[in-house]
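J.: Quick one, fold the following:
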Amino acid sequence: MLIMIRETSQRMRGRPREFDPDDAIESAMGVFWTSGYHATSLPELLEATNLSRGSLYAAFGDKHGLFLRALDRYIADSLTRLDADLDPRKDVLDGIRACLARYVERTSGAGAKRGCLIVATAMELGSQDVEVEQRIRRFFKAMEARLTTALERAKSERRLADEVEPSTAARLIMCLLEGMRVVSKTNADRGSSQAVVQALLDRFAK
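T.: Modelled structure (predicted):
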């Protein structure tokens, strides 16, 4: 009996710790988002994810592998929110307004100082890391394409000013939104952000 107990105990000690990869990625994303890639240490990631070093390496390869998964999660979440705003079943201008309003909210108050993980990563790693650069390029391309599609719909409904060209307007909106995330890290002024957004809408919409 003692032998059976000892063998069972040894098997349990050798068994990898069970965990939810999605929870670990979400927790790691928060650390990377707050501190950046280089400033985030492995011990911080182990504490945040509640993983052992061995479990983290087995699941994600290394710190870089976990970061890519976290960045993928952030990108997917961002595009999901954008798709919800620009749902073609909704009024197209209401959807664009909702998208802009959401960015105003995310660039106002204490949370604004956290900024945008995509923008921060582009500045920190974009020129050094091919895998990161590819992901960020795909994200901006996808964001611009979605905005262009929405604006083309608005154009077809004769709800844009005559001189507004959808693809150019989409690029301008994208640059404005991501620029707001950068500016808000030092100047999270809701009123200013709302005024800028309204000025853009007044310029584009009939």
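J.: what's the average pLDDT for stretch 107-121?
T.: Averaged across stretch 107-121, the pLDDT comes to 83.
J.: Please identify the buried residues of it?
T.: Across stretch 107-121, burial judged by 16 or more other Cβ atoms under 10 Å covers T107, S108, A112, G115, C116, L117, I118, V119, A120, T121. Yep, even glycine has a C-beta here, placed from its N, CA and C like the rest.
J.: what about it, distance to the chain center?
T.: What separates the centre of stretch 107-121 from the centre of its chain is 10 Å, taken as Cα atoms, centre = their mean, to the nearest Å.
J.: got it, and stretch 176-185?
T.: 14 Å.
J.: Not counting its own residues, what contacts that stretch?
T.: Stretch 176-185 has contacts (Cβ atoms under 8 Å, 6 or more residues apart in numbering) with 99-100, 103-104, 106-108, 112-116, 118-119, 193, 196-197, 200.
J.: quick one on the thing from earlier: okay if I get the buried residues of stretch 107-121 as TSV plus distance to L45?
T.: Below are the buried residues of stretch 107-121 laid out as TSV (distance: Cβ to Cβ, whole Å):
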residue	distance to L45
T107	27
S108	29
A112	25
G115	20
C116	21
L117	15
I118	20
V119	22
A120	17
T121	16
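J.: Give the buried residues for the top helix by length along the chain.
T.: Once the chain is assigned using DSSP state H, the helix that runs over the most residues is helix 130-156. Neighbour counts over helix 130-156 (16+ other Cβ under 10 Å) mark 132, 135-136, 139-140, 143-144, 146-155 as buried.
J.: quick revisit: list just the nearest of the buried residues of stretch 107-121 to S52.
T.: Proximity of these to S52 (Cβ to Cβ) peaks at L117, which lies at 25.5 Å.
J.: re earlier: which secondary structure elements does the longest helix of the chain contact?
T.: Helix 130-156 sits against helix 63-85, helix 92-106, helix 117-125, helix 166-183, with contacts defined as 3 or more Cβ pairs under 8 Å, 6 or more residues apart in numbering; DSSP states H and E.
J.: can you redo these as JSON lines with distance to L46?
T.: Converted to JSON lines, the helices and strands packed on helix 130-156 look like this (distance: least, Cβ to Cβ, whole Å):
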{"stretch": "helix 63-85", "distance to L46": "10"}
{"stretch": "helix 92-106", "distance to L46": "29"}
{"stretch": "helix 117-125", "distance to L46": "20"}
{"stretch": "helix 166-183", "distance to L46": "29"}
